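Peer 1: Here's a sequence, model it:
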Amino acid sequence: MIEHENGLGSNHTRRRLPVKLVYTEAYPLVQQAYYREKQVQGWSRNKKQALIEGRLDDLPELAKAYRDKELQELVNTF
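Peer 2: Numbers count the residues shown, from 1 in each chain. Presented below is the predicted three-dimensional model:
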């Protein structure tokens, strides 16, 4: 957090100061933490918000792609 606040983090956080820690996970290996970080970065905003709020049961539903939801809604209209 100190590095991010001092502009030493990624370009993403450097442009969005100040930063606020809203969620954390611990991993024994840096490689595992890096993998998880990249995984979560690819999630939708809604899915990230559910993770932050601890709504873990909502994550599988939020994992479905938006286009899949649109297709399912279309199929349900018939």
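
Peer 1: Please tell me how far the closest residue in space to residue 23 that isn't next to it in sequence sits from residue 39.
Peer 2: Once flanking residues are discounted, residue 23 sits nearest to residue 52: 4.8 Å by C-beta to C-beta, 6 or more residues apart in numbering. Every C-beta, even on glycine, is put in place using the N, C-alpha and C of the backbone. Distance from residue 52 to residue 39, counting by C-beta to C-beta, to the nearest Å: 15 Å.

Peer 1: same thing with residue 7?
Peer 2: 26 Å.

Peer 1: confidence score at residue 75?
Peer 2: pLDDT for residue 75: 75.

Peer 1: Hmm, residue 51 is touching residue 40, no?
Peer 2: Yes. Between residue 51 and residue 40 a contact is recorded at 7.0 Å, counting by C-beta atoms under 8 Å.

Peer 1: higher neighbour count, the two?
Peer 2: Under the criterion of other C-beta atoms under 10 Å, the comparison of residue 51 against residue 40 puts residue 51 first, with 18 against 13.

Peer 1: residues touching that one, list them.
Peer 2: Shown in contact with residue 51 (C-beta atoms under 8 Å, 6 or more residues apart in numbering): 23, 40, 43, 59.

Peer 1: what's the answer for residue 50, then?
Peer 2: Counting by C-beta under 8 Å, 6+ apart, residue 50 makes contact with 56, 58, 59, 62.

Peer 1: Could you report the separation of residue 8 from residue 19?
Peer 2: Distance from residue 8 to residue 19, counting by C-beta to C-beta: 12 Å.

Peer 1: Which one's more surrounded, these two?
Peer 2: More crowded of residue 8 and residue 19, by other C-beta under 10 Å: residue 19, with 13 against 10.

Peer 1: For that one, which non-adjacent residue is closest in space?
Peer 2: In space, and not counting its chain neighbours, residue 19 is closest to residue 4: 4.8 Å by C-beta to C-beta, 6+ apart.

Peer 1: pretty sure that neighbour is in contact with residue 12, am I right?
Peer 2: No. Contact criterion C-beta under 8 Å: residue 4 and residue 12 do not qualify, at 9.6 Å.

Peer 1: which one of the two has more residues nearby?
Peer 2: residue 4 (18 against 10).
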